[in-house]
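Chemist: Can you look at this prediction? I've put the sequence above it.
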Amino acid sequence: MKKVLIIISAMISLVACDSPFEMDLPLSVAQRKISLSKEAGATHVLVYADGEWTATFTEPVEWGSLNKVSGYGNSDLVFSYSANYAITRQVSLVLAKDELRDTIVFTQAGMITTPVFEPAVKEVPLFNTAGTAVIDASSNLLYCADAIYAYALYPAADGSEETILIDGHDNDPAHWITAFSPGHDKFTFKVAANASGAERAAKLKITIANPSGSVFNKYVTVIQKDGKPVFTLPALGFGSYGPDAQNVLVETPENNIWPYRENMTVSMGTCDWISDVYPVPGGLSMMLTKNTSGQVRTQDISLTYVSDAGEVISGKFTIIQSTK
């Protein structure tokens with residue numbers, strides 16, 4: 001009897017081994033983490049399901065696309081991606097079937113392994129009205145400035161610092177740095193009006209989202225004083241410069257509006273040999289082209305600054321460029 005049972009058991013096992021294997025899952029994927037090279041390419045994603053499913057990115061993605069966003073049963077889809085000239089980047093793809101969810105994370109290596117971002121100044125002095133400050137910076141992040149973000153660090157009474165992400169969702173009136181917008185060669189931030197009657201200060205902590213783990217932390221101190229906008233041009237009223245192409249700095253005795261350069265209007269008529277006129281720390285910056293006209297050339301520059309509170313400052317300066 002024992003021998004018969006053994007033989008029957010063996011026969012059942014053989015039948016089971018001969019049965020075809022079927023992937024019969026409600027929803028699953030072959031891989032949940034997929035690494036991509038920095039060059040452009042495409043990769044297949046195997047999807048296992050027992051019905052209809054959809055595929056959706058968790059955020060807008062310009063560097064990748066799918067050949068389809070839905071399917072039925074066991075199938076595959078193709079994720080195509082462009083070359084990455086920036087830092088490592090990442091996007092998640094959510095597969096859904098009824099109430100079931102599964103996620104695939106695509107991580108693409110970048111040609112930049114060490115991100116660099118250097119603000120032009122370490123301290124930004126502001127006056128008491130609300131406004132938007134523009135600060136120049138140097139970086140290697142031409143193609144990925146959107147990965148830069150910032151925190152505001154406010155001093156607390158006990159000597160510590162309150163760290164607040166500047167994302168536009170903070171409504172606490174005590175947090176007076178209200179917005180941050182990055183660029184590869186500059187960044188801007190907004191401040192509320194200072195009605196306290198006293199000076200206040202905070203720090204901007206500028207950093208970067210980088211899936212590879214290589215980050216930077218740059219700090220800029222923001223000081224908002226209880227004062228009005230001031231911009232004073234030299235009393236002489238003109239400046240003389242040589243014939244070569246050059247960057248000119250007209251030194252200003254008083255100047256606290258330089259962070260608000262987007263609020264300044266420059267008028268020079270049809271002049272085509274002066275460009276890029278804007279306030280900088282300590283002066284007024286501009287570019288002069290080479291004077292090949294054979295004669296001294298003169299140009300009046302009229303400046304008007306209007307703060308967000310309606311305060312107006314105006315002035316005029318004359319540029320004289322020689323022939324030798």
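Modeler: Alright, I've got the coordinates. Fair warning: this is a prediction, and the values are worked out from it, not measured in the lab. Numbering: from 1, shown residues only.

Chemist: in which helix or strand would I find the closest residue to residue 25 other than its chain neighbours?
Modeler: Distances taken as Cβ to Cβ, 6 or more residues apart in numbering put residue 48 closest to residue 25, at 4.7 Å, once the chain neighbours are dropped. Quick note: C-beta positions are derived from backbone N, CA and C, even for glycine. If you go by DSSP states H and E, residue 48 is part of strand 41-49.

Chemist: Next, the buried residues of that strand.
Modeler: Buried residues in strand 41-49, counted by 16 or more other Cβ atoms under 10 Å: 43, 45, 47-49.

Chemist: Likewise for stretch 220-235?
Modeler: Counting neighbours by 16+ other Cβ under 10 Å, one finds that the buried residues in stretch 220-235 are 220, 222, 224, 229, 231, 233.

Chemist: do the same with stretch 178-198
Modeler: Buried, per 16+ other Cβ under 10 Å, within stretch 178-198: 178, 180-184, 186-187, 189-191, 194.

Chemist: Likewise for stretch 101-110?
Modeler: In terms of neighbour count (16+ other Cβ under 10 Å), stretch 101-110 has its buried residues at 102, 104, 106, 108-110.

Chemist: Tell me the one of the buried residues of stretch 178-198 nearest residue 265?
Modeler: residue 186 (19.2 Å; Cβ to Cβ).

Chemist: Who are the contact partners of the closest one?
Modeler: With contacts defined as Cβ atoms under 8 Å, 6 or more residues apart in numbering, the neighbours of residue 186 are 134-137.

Chemist: okay, now the nearest residue to it once chain neighbours are set aside: neighbour count?
Modeler: On the basis of Cβ to Cβ, 6+ apart, the spatially nearest residue to residue 186 that is not a chain neighbour turns out to be residue 136, at 5.1 Å. The tally of other residues near residue 136 (other Cβ atoms under 10 Å) stands at 15.

Chemist: so residue 136 is in which element?
Modeler: Counting by DSSP H and E, the secondary-structure element that holds residue 136 is strand 131-139.

Chemist: Give the pairing partners of that strand; include direction for each.
Modeler: Within its sheet, and counting by DSSP bridges, strand 131-139 is paired with strand 117-119 (antiparallel), strand 186-191 (antiparallel).

Chemist: Wasn't residue 260 part of a helix?
Modeler: Yes - using DSSP: H, G, I helix; E, B strand; the rest coil, the secondary structure at residue 260 is a helix.

Chemist: number of nearby residues for it?
Modeler: Residue 260 is flanked by 22 other residues according to other Cβ under 10 Å.

Chemist: you'd agree it is up against residue 305?
Modeler: Yes - with contact defined as Cβ atoms under 8 Å, residue 260 reaches residue 305; the gap is 7.4 Å.

Chemist: what is in contact with these two at once?
Modeler: residue 229.

Chemist: Give me the distance between the two termini of stretch 98-115.
Modeler: Between the opening and closing residues of stretch 98-115 there is a gap of 41 Å (Cα to Cα, to the nearest Å).

Chemist: Could you give the average pLDDT over it?
Modeler: Stretch 98-115 shows a mean pLDDT of 95 in the predicted model.
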